[in-house]
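Undergrad: What follows is a predicted protein model with its sequence.
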Amino acid sequence: MGYLGIDIGGTKVAFRFEHGEPGAAEEFSFAWPEPGPDAAADLRLLGAEAARTLPRERITAVGVSVPATLDGTGRVLAWPMRPSWTGVDFGAALRSLFPGVPVRAADDGDLAAIAEAKAAGCADLVYFGVGSGIGGGIVLDGRSWPGFERASCELGHVVVDRAGARCDCGRRGCVQALASGPATLRRATRLRGSPVTPAQLRAGLGAGEPWAVAAVTESARALAVAVVSAGELCAPAATVIGGGFAAGVPDFVPLVAGEVRRLARPGRRPAPVRPAVLGGLSSLHGAVAAARELGRDAQAGETSSRARAASR
């Protein structure tokens, strides 16, 4: 038996299949196509890749990390990067892909936060994942807050500048619109006067180019405002910053940490800011953790059912 985690990102889908105990694992990925008008085509591709790459070993449970707003049943309420998915019953689609197997889909930031809390041995933390967007999650006393059943924790849509750039969600000034990877590259392009790739941004930072330094510093400042705001609400023991863009920009996390310290107020010392233990794989590991929890719940339910049957 094994536990399957699926991480659906902006440009790729990753699978992690863990055999029994944590540690023995296989990982696969495929490129996610550009958003199109047909969510059904995306689902067919997901099913085909799963059937082609996954081990033939029995899957005990499946956890899925997705950068969309879901309701408690797994229906997509909003996915700005893939608007054709709005209204899709993703939970039902997953159950049809994996018949007879318990499946849970949840926000990628929430699942990443759980994985980071487990990896760091920290029961109270705030997580920000900086990549093609900004995801995030809060873990308090070892549990996701506010909880999968209620709502996802959309830290990427904390407003840090009412007059800021327009976000994919339609509002202005969300931290995602100011500090995500694409937002930083757009700023760098404007300051440089020509298109900037991630590699050029890193090279520019290494050379101390003013346009690169200014672009990244502004992103760090915007993210620091969101970090401090979240800290005022829940007083975590640590703030963790992960995601592919953050991991790929030298000294980005220390820069955010410095801005957070600068924003501290008397009587409220901010929690330390540190890089993610799992790097850009936090949400994938969180999906596996969700699968393992589902597996434990299913096993406990079976045990309870057998005990009731035996007592009759």
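TA: Arrived safely. Residues are numbered from 1 along each chain as shown.
Undergrad: Going along the chain, name the strands of the stretch 101-250 of the chain.
TA: Along the stretch 101-250 of the chain, counting by DSSP state E, counting those that start in this stretch, strands occupy 103-107, 125-130, 134-140, 143-145, 238-242.
Undergrad: Quick check: pLDDT value at the closest residue to residue 191 other than its chain neighbours.
TA: Counting by CB to CB, 6 or more residues apart in numbering, residue 211 is the residue found nearest to residue 191 once chain neighbours are left out, at 3.9 Å. Placement of C-beta: from N, CA and C, glycine included. pLDDT for residue 211: 98.
Undergrad: Can you name the residues that contact residue 211?
TA: Counting by CB atoms under 8 Å, 6 or more residues apart in numbering, residue 211 touches 188, 191, 192, 204.
Undergrad: still on that earlier bit, tell me which of the strands of the stretch 101-250 of the chain lies nearest to residue 248.
TA: Residue 248 lies closest to strand 125-130 among the strands of the stretch 101-250 of the chain, at 9.7 Å (CB to CB).
Undergrad: Sheet partners, orientation included, of the closest one?
TA: strand 134-140 (antiparallel), strand 238-242 (parallel) (DSSP bridges).
Undergrad: Find the nearest non-adjacent residue to residue 230, please.
TA: Computed as CB to CB, 6+ apart, the closest residue to residue 230 that is not its neighbour in sequence is residue 126, at 4.8 Å.
Undergrad: Next one: the one you found relative to residue 171, how far apart?
TA: According to CB to CB, to the nearest Å, residue 126 stands 21 Å off from residue 171.
Undergrad: which strands and helices sit next to the helix or strand where residue 42 lies?
TA: Using DSSP states H and E, residue 42 sits in helix 39-53. Counting contacts by 3 or more CB pairs under 8 Å, 6 or more residues apart in numbering; DSSP states H and E, helix 39-53 packs against strand 2-8, strand 12-19, strand 25-31, helix 90-97.
Undergrad: What mean pLDDT does the third one get?
TA: pLDDT averaged over strand 25-31 equals 90, rounded to a whole number.
Undergrad: Specify the angle between the helix holding residue 42 and strand 25-31 in degrees.
TA: Helix 39-53 and strand 25-31 are oriented at 140 degrees to each other (axes from the mean of the first three to the mean of the last three CA atoms, to 10 degrees).
Undergrad: What residues of helix 39-53 count as buried?
TA: Neighbour-count burial for helix 39-53 flags 39, 42, 43, 46, 49, 50 (criterion: 16 or more other CB atoms under 10 Å).
Undergrad: would you turn those into TSV with distance to residue 227?
TA: Listed next are the buried residues of helix 39-53 as TSV, based on distance: CB to CB, whole Å:
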residue	distance to residue 227
39	34
42	33
43	36
46	33
49	36
50	36
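Undergrad: And the closest residue to residue 134 other than its chain neighbours, how close does it get to residue 177?
TA: Nearest residue to residue 134, sequence neighbours excluded (CB to CB, 6+ apart): residue 156, at 3.5 Å. As judged by CB to CB, residue 156 and residue 177 stand 9 Å apart.
Undergrad: just residue 265 next, same as before
TA: From residue 265 over to residue 177 the distance is 26 Å, taken as CB to CB.
Undergrad: More neighbours: which of these two?
TA: residue 177 (26 against 9; other CB atoms under 10 Å).
Undergrad: so who does the residue lying closest to that one once chain neighbours are set aside touch?
TA: In this structure, residue 177 finds its nearest non-sequential neighbour in residue 167, 3.8 Å apart by CB to CB, 6+ apart. Residues near residue 167 by CB under 8 Å, 6+ apart: 157, 173, 174, 176, 177.
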